[in-house]
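> got a predicted structure plus its sequence, pasted below:
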Amino acid sequence: MNFVKHSIWKDHPEYLSTFRILENTRNFPLTEDLEIHNVELEKFLESFESLETDLESWIYLLKESQNLKGESMKTLEKKSPEIKKAISELKNISRSPKSRELYEARRKAELDYNSGMKGAFRQGKEEGLEEGLLLGIRMNLKSRFNLREDDPILKEIHRIKDLDRLTKILTQSVQAKTLEEFKKFIKSIK
């Protein structure tokens with residue numbers, strides 16, 4: 001079971017998704033016993049008063065543990081011995097300075113990880129866009145002007161990393177009437 005703070009599947013309003021591993025062509029499960037459950041906490045919108053199942057109570061506890069106070073905490077503790085034990089552990093962690101320090105370190109590591117992932121995602125997206133632009137340019141020039149893969153103009157373009165310049169080059173690779181016109185354009189944007 002996976003719990004995530006954010007929405008993974010924006011187009012689906014359900015907070016709980018269940019997956020099974022299926023054989024590709026005949027679509028039968030590997031086993032009846034293996035399921036992967038994803039709970040998107042951001043989508044869990046149940047109020048404290050509307051909790052009906054143990055699962056809903058646990059999800060509510062995970063999502064709202066920082067905000068639980070007084071009566072609502074006591075009522076939630078009464079729902080099951082396991083929830084009571086979990087709340088007790090949360091209280092102990094929040095009392096001990098060492099536990100709090102460990103929690104803060106873990107939280108900082110989580111935030112650093114998320115920040116790094118966003119940066120890596122952005123970089124990967126830019127690299128993918130760059131590759132796509134280069135592929136489009138190469139395909140256009142090869143088909144329109146019968147260029148070979150080792151043509152110097154293709155090698156020169158491949159060294160360009162600026163996405164704005166590559167976008168302009170892609171447009172020109174479609175619009176240029178002759179190879180000479182295209183080469184003249186390349187020289188003009190250096």
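In hand now; what should we look at?
> tell me the helix or strand right after the strand or helix carrying Leu55.
Using DSSP states H and E, Leu55 maps to helix 54-64. Using DSSP H and E, the helix or strand that follows helix 54-64 towards the C-terminus is helix 70-79.
> what's the helix or strand following that following helix in contact with?
The helix or strand immediately downstream of helix 70-79 is helix 81-95, counting by DSSP H and E. Helix 81-95 is touched from outside by 57-58, 61, 65, 68, 73, 76-78, 99-100, 103, with contacts defined as C-beta atoms under 8 Å, 6 or more residues apart in numbering. C-beta here means a position set from N, CA and C on the backbone, and glycine is covered the same way.
> filter these down to the buried ones.
Among the contacts of helix 81-95, those classed as buried by 16 or more other C-beta atoms under 10 Å are 57-58, 61, 68, 73, 76-77.
> and the residues you listed, which is closest to Phe48?
Leu76 (7.7 Å; C-beta to C-beta).
> from His12, how far off is the closest one?
For Leu76, the distance to His12 equals 27 Å [C-beta to C-beta, to the nearest Å].
> quick check: Asn38 is in a helix.
No - looking at Asn38 with DSSP: H, G, I helix; E, B strand; the rest coil, it is strand, so not inside a helix.
> and it, how many neighbours?
As a burial measure, Asn38 scores 16 neighbours (other C-beta atoms under 10 Å).
> again, but for the one 10 residues further on
If you count neighbours by other C-beta under 10 Å, Phe48 ends up with 15.
> can you name the residues that contact it?
Contacts for Phe48 (C-beta under 8 Å, 6+ apart) come out as 60, 64, 72, 75-76.
> for this protein, what helix or strand is lowest in average pLDDT?
helix 81-95 (a mean of 79; mean pLDDT, DSSP states H and E).
> got the angle between that one and helix 70-79?
140 degrees (axes from the mean of the first three to the mean of the last three C-alpha atoms, to 10 degrees).
> how about helix 81-95: buried residues?
Using 16+ other C-beta under 10 Å as the test for burial, helix 81-95 gives 83, 86-87.
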